[in-house]
Structures are given as structure tokens and as C-alpha cells.
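Asker: how would this look folded up:
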Amino acid sequence: PEAADFNPGSIHPGYWYNDAVYGFPRIDAPPSIKWPAMKFGIRDTGDNYHAELVADNLVAARTFHLPEVGADPVVVCAQGTQTLTGVYIFANGQVRIVRDAKFGSPTAAAVAGDRWWDLAGAEWLCTTSGTPGTWVQIHPGLAATWSGGGAADIETASNWNGGSKLDGYRVHEPGAFDWVYSSNGGSPLNRWLSAHTIMHPVSITAVTLSAAPAVVARMAMGDTWDYFLIEWSVYSNANATTDGSNYYDLVLQAYNTAESASADWSSTFTMTTQGAAVYHGTGSVIFDSSTYTKVIVRSNNKVGSPGTNSVAGTSVHYRLVRK
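Answerer: Here you go, the predicted model:
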């Protein structure tokens, strides 16, 4: 309840309860409050002290108390023998929060402001009340296993609240990265992507374009992860004869042994701007590092008579994909 819910005249300083075992100011709550009277203070149990919140006229009072030095953990909130929260506080400052048995946000009714910890330890905040309400993931979890089909396998759909992996779910893998699950509506994703975009710049001596096909730049890629293209950029310089009818096109391609057998990794763009210009291409194809090992920037076509152009630099922006 809010402080305004109480009548200041109902606070009784120096209220003592059960023959001076409790020393609390008494607060009488209005009828709309579930607990008719509450007291907060320090209880002396002989060799230690507890800070407690106690309600009169209840079968079992709710209590909040601090553990003694060296004592066992205590439940923050309990009613009789029934645990209400699953939050434990230790004397050394350690806090233990009981987690859910599955990954992802809950599916039951929730109230705005509720917090939730799932199987991976990911923390969630309910921002809109409802069933299940609107939940926002605050911190990434820590996946126990990535295979095997056991109860802690993050790849097993039945281990998730709702029965399927959650788009946008973040999880940390020690020694690797923070991963984000991305369904993107299905193929080609339904994969775990690195949370951050990586830039692979390639500084090259200006390459002259006078014919097509022609390779502008080459990049070697690792084989630990796959790659999902976000954007690639090219810095070029085109002569005065370049326009919408006279141009070279450029595309980013992946290949293994033969450049002639390369597969497009990006959309194609046309170099139609005279003078210095920067072009940007996008893509939605996963680079499978088990199949491909290299990337090239290639001019596939020469349209009209664009004359001699040059390319002076390129960069690739991608997110790693967990195999």
C-alpha cells in the first residue's frame, strides 16, 4: 500500500507486542488493505535480532528477517510452511533466487513490475499486466547445454515456455559470445546470431575496372562460425561517361576453390554515380563456412560504355551465426 493509504493518527510509537518481545510502531491499515494492522521493527530473540514486518489477526504472519552470522539461509517471505517467493538471503550477502524450469518469459498471468528468472537465469521484467502480459528481457541467460535433448538443452523446443524458441532471446556462451535467437520468419535463419555486428574492412590498392567479369577484392573467412550479411560497402571513383545507361555492377560472392563457381552473398548494385561515391549492398543469406572459405567483390556485368572506373576500398558488416 502507498503511504497515503494510512491515517497518520493511527501510528502508535512505542507499541509493544507479546510482553516486549517485539518493539514496533503500530500501523493500522484502512479496511481496503488486506492486513488489518502491521508492525515493523527489531525483535530480540536472545542472541540475535530480526527485522520483521508482522500482521495482527492472521493465522500465519508474514515476516522478513535477516539471517544471523553463520546461519542457514532463510526464506524472505513465508506463510506457515508454504514458501511464497523462493528468494533466500545468506548472512554473507549471498542471494539465491529459485529459477523457472524452462527457458523464456512465463505464460501465466502477470502484473506490471513483476520480475522473472528463467531456466538460464535470464532476468525478465513485466511491463504490461495481462496473461501472459508483456515481458522484456533485461539480462541474457547462460545456456547449460546446446545439444543432447536433455531438460537443460536450449535447442529443445519443449524446454521453452510456450513450446518454441523465443525470437530475440539473448543468451551468453562462455568463451564465445552473447547470442540472439532470430527466426526472421523462418528460412534462412532460425539460428543464433551474435548480438553485435562485426566490420571486416579491406584496404586495397585502387583496382581499375575496364571489363567484366572482374574481381575487385578478396577476403578470407574463418570456419568456426557461419556468417549473416548485414551490409557491405564499396568506395569507387567513376569517370564522366558513367550514368544510368553506362555502368558496371558489383556483387559480393562466396566461393571455395573456383572463383567462377561463386554464389551471390548480397544483392547487386550498379555504379552509376560520376566521381567519388560510396555504395551499400545488403543480403539475407547465411555464409556457410563448411562450404565456402572466401569472399570476393566482383563486377559481373558491364552495361553500355562506362569507360574506366576504379574501386579503392570495401568493407563487410556481418553477424556471426552459431553452428
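
Asker: number of nearby residues for Pro174?
Answerer: Close neighbours of Pro174, defined as other C-beta atoms under 10 Å, add up to 7. Yep, even glycine has a C-beta here, placed from its N, CA and C like the rest.

Asker: Once you drop chain neighbours, what's closest to it?
Answerer: In space, and not counting its chain neighbours, Pro174 is closest to Leu142: 7.5 Å by C-beta to C-beta, 6 or more residues apart in numbering.

Asker: Met219 now?
Answerer: The nearest residue in space to Met219 (C-beta to C-beta, 6+ apart) is Val295, at 4.4 Å.

Asker: Can you tell me the SS state at the one you found?
Answerer: strand (DSSP: H, G, I helix; E, B strand; the rest coil).

Asker: does it really touch Val251, like I thought?
Answerer: No. In this structure Val295 lies outside contact range of Val251 using C-beta atoms under 8 Å: 11.0 Å.

Asker: out of the two, which sits in the busier spot?
Answerer: Using other C-beta under 10 Å as the criterion, Val295 and Val251 rank with Val295 on top: 27 against 21.

Asker: pLDDT value on the more buried one, please?
Answerer: Note for Val295: predicted pLDDT of 89.

Asker: Report the contact partners of it.
Answerer: For Val295, the contact set (C-beta atoms under 8 Å, 6 or more residues apart in numbering) comprises Arg218, Met219, Ala220, Met221, Leu252, Gln253, Ala254, Tyr255, Trp265, Phe287, Val316.

Asker: which of those are buried?
Answerer: With neighbours counted by 16 or more other C-beta atoms under 10 Å, the contacts of Val295 contain buried members at Met219, Met221, Leu252, Gln253, Ala254, Tyr255, Trp265, Phe287, Val316.

Asker: I figured the third one was touching Ser266, is that so?
Answerer: Yes. Under the criterion of C-beta under 8 Å, Leu252 makes contact with Ser266 at 3.8 Å.

Asker: How much space separates the residue nearest to Asn161 when sequence neighbours are not counted from Leu119?
Answerer: Closest residue in space to Asn161, ignoring its immediate chain neighbours: Gly104 at 4.3 Å, by C-beta to C-beta, 6+ apart. Using C-beta to C-beta, to the nearest Å, we find Gly104 at a distance of 8 Å from Leu119.

Asker: Where does the prediction get shaky in the protein?
Answerer: Within the chain, the segments meeting pLDDT under 70 span 1-93, 185-188, 203.

Asker: count of residues packed around Ser194?
Answerer: Neighbour number of Ser194 under other C-beta under 10 Å is 19.

Asker: okay, now Gly281: neighbour count?
Answerer: Based on other C-beta under 10 Å, the number of other residues close to Gly281 is 19.

Asker: isn't it right up against Ser266?
Answerer: Yes. Gly281 lies in contact with Ser266 (C-beta under 8 Å); the separation is 4.4 Å.

Asker: what touches both of the two?
Answerer: Common neighbours of Gly281 and Ser266 (C-beta under 8 Å, 6+ apart) are Trp232, Val251, Leu252.

Asker: Sort out for me which of those residues are in strands.
Answerer: Trp232, Val251, Leu252 (DSSP state E).

Asker: Quick check: which element contains the closest residue to Ala157 other than its chain neighbours?
Answerer: Excluding the flanking residues, the one nearest Ala157 by C-beta to C-beta, 6+ apart is Ser164, at 5.1 Å. Assigned by DSSP states H and E, Ser164 falls within no helix or strand.

Asker: give me the number of residues near Ser164?
Answerer: What Ser164 shows, counting by other C-beta under 10 Å, is a neighbour count of 11.

Asker: For Thr197, see how far away it is.
Answerer: 26 Å.

Asker: ok, now Ser245?
Answerer: 35 Å.

Asker: Could you do Ala176 as well?
Answerer: 16 Å.

Asker: wouldn't Ala126 be in contact with Ala108 here?
Answerer: Actually, residue 126 is Cys. It isn't Ala. No. Cys126 is not in contact with Ala108 according to C-beta under 8 Å; the separation is 10.8 Å.

Asker: neighbour-wise, which of those two wins?
Answerer: Cys126 (21 against 9).
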